[in-house]
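Asker: Curious how this folds, go ahead:
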Amino acid sequence: MKKKIYLLLISLFLLISTAACSGNEQEEGPVINMYDGTYAEIMIINQMVKQLVEEYTDATVVIRDGMTLVNQFKEMQGDNPSNDLFLTYDGSTLASIFNRNPSDVPEGMTLFEYTRQVGEEEYGVTSLDKIGINNTYAIAVTRETAEKYNLEKVSDLIPIADELVFGAEPSFFSEETEDRYYAWVDAYGIEFKDAVSIDVNLKYTAIVNGNFDVTEVYSTDGLNKKYDLVILEEDLGFFPDYYANLVARKGFFEDFAEIENLYEVLDMLTGQITDAEMVEMSYAVDVEGKTPAEVANTFLVEKGLLD
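Answerer: This is a model prediction of the structure:
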């Protein structure tokens with residue numbers, strides 16, 4: 001009996017030791033930290049980054065709970081940053097993080113080029129190239145409203161605006177930023193009957209329920225498809241670009257120099273995602289209930305980036 005107990009204890013000790021060694025091996029490998037975004041699009045692309053890095057390198061990507069892009073950038077700063085890499089948009093980075101406006105872009109440079117330059121020269125971050133999607137602001141109406149007033153482009157709103165109410169989240173009514181409501185209506189000479197502020201989570205149901213007639217949306221949001229909204233052509237080109245790209249913190253590639261071809265692996269996403277593809281993927285998560293990881297994997301396999 002004592003012999004059996006002794007053998008059992010030895011087996012248990014070996015099992016625990018093996019498990020501990022395995023855990024240590026995982027912890028000793030390179031770990032890249034990211035924070036999730038607050039909506040499906042960023043969550044999907046973060047999963048693409050995770051799956052590509054873990055497939056083609058020996059690194060592990062840890063995605064923490066979501067936070068805003070501004071806070072994600074703050075977590076990249078200082079001597080002990082908790083964020084290594086994040087998915088952002090050039091227009092958002094310029095306005096919300098660098099506190100500059102499109103009018104600050106020097107002549108001869110694109111907004112993307114200028115934002116990349118400011119990031120590298122003033123903050124030491126490395127901006128990878130555009131992923132492809134341009135998730136800029138867009139003006140939308142219900143299909144019923146579009147058909148009633150024969151609306152195809154934003155300037156079609158001008159003669160009938162006094163019959164319509166505009167609604168959007170509070171941030172779109174900021175007077176400090178050039179690409180928001182007040183500058184937009186001034187550029188077009190639009191005078192709505194009224195303009196109302198509403199929680200962003202209630203915006204879509206509010207417009208389809210007739211609480212207002214016109215709203216602002218993100219062009220690649222899957223909810224545009226869910227609610228069958230009509231995106232009006234931006235015929236004055238008022239809204240600046242919001243191209244998505246990955247940004248790495250200062251010293252990121254130096255700190256992970258042992259990971260072979262890390263830049264090339266991250267660069268695999270460059271130019272890969274169209275606006276239409278992003279709408280479908282966001283729709284799959286927000287409406288069909290698929291997970292960001294599942295949607296990301298399906299896309300990467302279809303693109304031939306994963307087996």
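Asker: In this protein, what helix or strand scores lowest on average pLDDT?
Answerer: Ranking every helix and strand in the chain by mean pLDDT, DSSP states H and E puts helix 2-28 at the bottom, with a mean of 44.
Asker: Mind listing residues that contact the helix or strand following that helix?
Answerer: Tracing the chain C-terminally past helix 2-28 and defining elements by DSSP states H and E, one meets strand 31-35 next. For strand 31-35, contacts defined as Cβ atoms under 8 Å, 6 or more residues apart in numbering pick out 46, 49-50, 53, 59-67, 71-72, 75, 82-86, 256. Just so you know, the C-beta spots here come from the backbone N, C-alpha and C atoms, and that holds for glycine as well.
Asker: Buried ones in strand 31-35, by neighbour count?
Answerer: I32, N33, M34, Y35 (16 or more other Cβ atoms under 10 Å).
Asker: for stretch 264-279, same thing?
Answerer: Quick answer for stretch 264-279 (16+ other Cβ under 10 Å): V265, L266, M268, L269, Q272, I273, E277, M278, V279.
Asker: Let me see the contact set for the second one.
Answerer: Yep, that's L266 we're talking about. So L266 contacts V49, L52, V53, L85, L128, L246, A248 (Cβ under 8 Å, 6+ apart).
Asker: Nearest to T205, out of these: which one, please.
Answerer: Proximity of the contacts of L266 to T205 (Cβ to Cβ) peaks at V49, which lies at 32.1 Å.
Asker: Hmm, A248 and the closest one touching each other?
Answerer: No. Using Cβ atoms under 8 Å, V49 makes no contact with A248, being 10.9 Å away.
Asker: which residues are in contact with both of the two?
Answerer: Common neighbours of V49 and A248 (Cβ under 8 Å, 6+ apart) are L85, L266.
Asker: what about D228, distance to V295?
Answerer: Using Cβ to Cβ, to the nearest Å, D228 is found at 21 Å from V295.
Asker: More neighbours: the two, which one.
Answerer: V295 (22 against 10; other Cβ atoms under 10 Å).
Asker: That one: what's it in contact with?
Answerer: I44, Q47, M281, A284, V285.
Asker: Which secondary structure state is assigned to the fourth one?
Answerer: The reference is to A284. helix (DSSP: H, G, I helix; E, B strand; the rest coil).
Asker: Ok, the second one next?
Answerer: Three-state secondary structure (criterion: three-state DSSP) places Q47 in helix.
Asker: That one: neighbour count?
Answerer: Neighbours of Q47 (other Cβ under 10 Å): 22.
Asker: Can you report phi and psi for the residue nearest to it when sequence neighbours are not counted?
Answerer: Nearest residue to Q47, sequence neighbours excluded (Cβ to Cβ, 6 or more residues apart in numbering): A296, at 3.7 Å. When read as degrees, to the nearest 10, the backbone of A296 gives phi -60, psi -40.
Asker: can you give me the strands for the stretch 201-307 of the chain?
Answerer: Per DSSP state E, counting those that start in this stretch, the stretch 201-307 of the chain carries strands over the ranges 214-218, 229-231, 243-248.
Asker: picking that back up, go through the contacts of strand 31-35 and flag which are in strands.
Answerer: Residues of the contacts of strand 31-35 located in strands (DSSP state E): T60, V61, V62, I63, R64, L85, F86.
Asker: of those residues, closest to Q117?
Answerer: Here the nearest of those to Q117, counting by Cβ to Cβ, is F86; it sits at 18.4 Å.
Asker: now the spatially most central residue of the chain, what's its secondary structure?
Answerer: Nearest to the geometric centre of the chain sits I42, at 3.6 Å (Cα atoms, centre = their mean). At I42, secondary structure determined by three-state DSSP is helix.
Asker: how about the nearest residue to it, chain neighbours excluded?
Answerer: In space, I42 is closest to L87, 5.2 Å off (Cβ to Cβ, 6+ apart).
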